[in-house]
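> Curious how this folds, go ahead:
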Amino acid sequence: MSLCRKLTVPVIGAVAAAAAAFGVAGPAAADGVSAQAIKQVASGLDEAWSVDFLPDGTALFTQKDAKKISRIDKSGKVSDVQTIPGVSVTKEAGLLGLAVSPKYAQDQTVFIYYTTASDNRVAKLKLGQPPTPVLTGIPRGTQFHQGGRIKFGPDGFLYVGTGDAKNGDNAQNKDSLGGKILRITPDGKAAPGNPFGSPVYSYGHRNVQGLTWVGNQLYASEIGDSKVDELNKIEPGKNYGWPKCEGKCGVAGMTNPVNQWPTSEATPSGIASYKGKLYMAALKGGTYKLDTAGRGGKVYTNLGRTRDEVAGPDGRLWVVTPGGIYTADGN
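Numbering: from 1, shown residues only. As a prediction, the model looks like this:
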């Protein structure tokens, strides 16, 4: 399944953005959930993938296929920061996740997840300088299942969502970094308290795409195979079933998702906790607005494919599509 089709933002997106400028809600979604007021803040992007923020409110984002970190300053100006060397681009591979150090004021460090010719890896850098790998050897697929989402948790450790690299055995093999959620220190070591004494925090995942927390509870969005996609409540050491289970099943030792959706409707990507709801991007179009049991419907269907959702320091929800970035009010 290709997850990175080019997107041309429909005209209706511009209309909704214009409406947002006047405080008017956008058009209703097809399933009856009202689309929210939105404002476009960046356009013409080359597979935008992830966004995070510097302490002064500047947004940093990755462009998967362009291999670039770019920025949006507080005045709304978009500019390139740097191109990352050694990035290998395929259908789902390239420059993927980005996370700003929670101690950025002291260390000026940004973390990225990207694909090379031989693996997927996490690296750290100071803006404008070459990356230094901190965790290598995450299996890469020829085209698909690279994972790629990285986020700092409320405990200060870096969480990494990986894919199984199109090899389901990786997901069940605790010695493999593929098909996992990893929890590491900023130096790439296993974080204290990990269940297996390794970077592995949870396993049995097919292709983790989103990570967020409600309080101290981690939730993850995951792309399924041919049946269902998943929203998972993540507990350390738990087995989330792939490849034996796709979605809910009754196999002993496997942890069921909190909810699931047909792959024809969802194909989830990034996820954010914002104003008491979970916002889960959907590469099949729109964004799911959910409670923690996964109940809810789609908004932003006018934007087409959505790639990432992040609660911004400006109090807005930032919505990333392959071709543009938007902010929304969440009401």
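> where exactly do the strands run in the stretch 151-300 of the chain?
Under the criterion DSSP state E, counting those that start in this stretch, the stretch 151-300 of the chain contains strands at 158-161, 180-184, 200-203, 208-214, 217-222, 228-234, 259-262, 268-274, 277-282, 287-290, 296-299.
> and those strands, which is most packed in?
strand 158-161 (a mean of 28; mean count of other Cβ atoms under 10 Å). Quick note: C-beta positions are derived from backbone N, CA and C, even for glycine.
> Please name every helix or strand in contact with it.
strand 95-100, strand 150-152, strand 180-184, strand 208-214 (3 or more Cβ pairs under 8 Å, 6 or more residues apart in numbering; DSSP states H and E).
> and the nearest residue to L98 once chain neighbours are set aside, what does it touch?
The shortest distance from L98 to any non-neighbouring residue, by Cβ to Cβ, 6 or more residues apart in numbering, is to S50 (4.5 Å). S50 sits next to F61, T62, L96, G97, L98, G148, R149, I150, G270, R307, D308, V320 when contact means Cβ atoms under 8 Å, 6 or more residues apart in numbering.
> May I ask which of those residues has the most neighbours?
G148 (31 neighbours; other Cβ atoms under 10 Å).
> what about the helices and strands packed on strand 158-161, which gets the closest to G128?
Set against G128 and scored by Cβ to Cβ, those come closest in strand 95-100, at 14.7 Å.
> if you average pLDDT over the closest one, what comes out?
Averaging pLDDT along strand 95-100 yields 98.
> after that strand comes which helix or strand?
Sequence order places helix 104-107 as the next helix or strand after strand 95-100, per DSSP states H and E.
> relative to strand 180-184, how tilted is the helix or strand just after that following helix?
Counting by DSSP H and E, the next helix or strand C-terminal to helix 104-107 is strand 110-115. Angle, strand 110-115 to strand 180-184, by axes from the mean of the first three to the mean of the last three Cα atoms, to 10 degrees: 150 degrees.
> could you check the angle strand 110-115 makes with the helix or strand that strand 110-115 is followed by?
Using DSSP H and E, the helix or strand that follows strand 110-115 towards the C-terminus is strand 120-125. Angle of strand 120-125 versus strand 110-115, following the same axes, to 10 degrees, is 150 degrees.
> Which strands and helices lie in contact with strand 120-125?
When contacts are defined as 3+ Cβ pairs under 8 Å, 6+ apart, strand 120-125 sits against strand 110-115, strand 132-138.
> strand partners of that strand, parallel vs antiparallel please.
strand 110-115 (antiparallel), strand 132-138 (antiparallel) (DSSP bridges).
> coming back round to it: which of the strands of the stretch 151-300 of the chain sits closest to S79?
From the strands of the stretch 151-300 of the chain, taking Cβ to Cβ, the stretch that ends up closest is strand 268-274, at 22.7 Å.
> The closest one pairs with which strands, parallel or anti?
Paired neighbours of strand 268-274 in the sheet (DSSP bridges): strand 277-282 (antiparallel).
> Could you look over the strands paired with strand 120-125 and pick the most buried one?
Of all the strands paired with strand 120-125, strand 110-115 carries the top mean neighbour count, a mean of 25, counting by mean count of other Cβ under 10 Å.
> coming back round to it: now render the helices and strands packed on strand 158-161 as CSV, adding distance to K275.
Below are the helices and strands packed on strand 158-161 laid out as CSV (distance: least, Cβ to Cβ, whole Å):
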stretch, distance to K275
strand 95-100, 22
strand 150-152, 18
strand 180-184, 25
strand 208-214, 12
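> Good, we can wrap up now.
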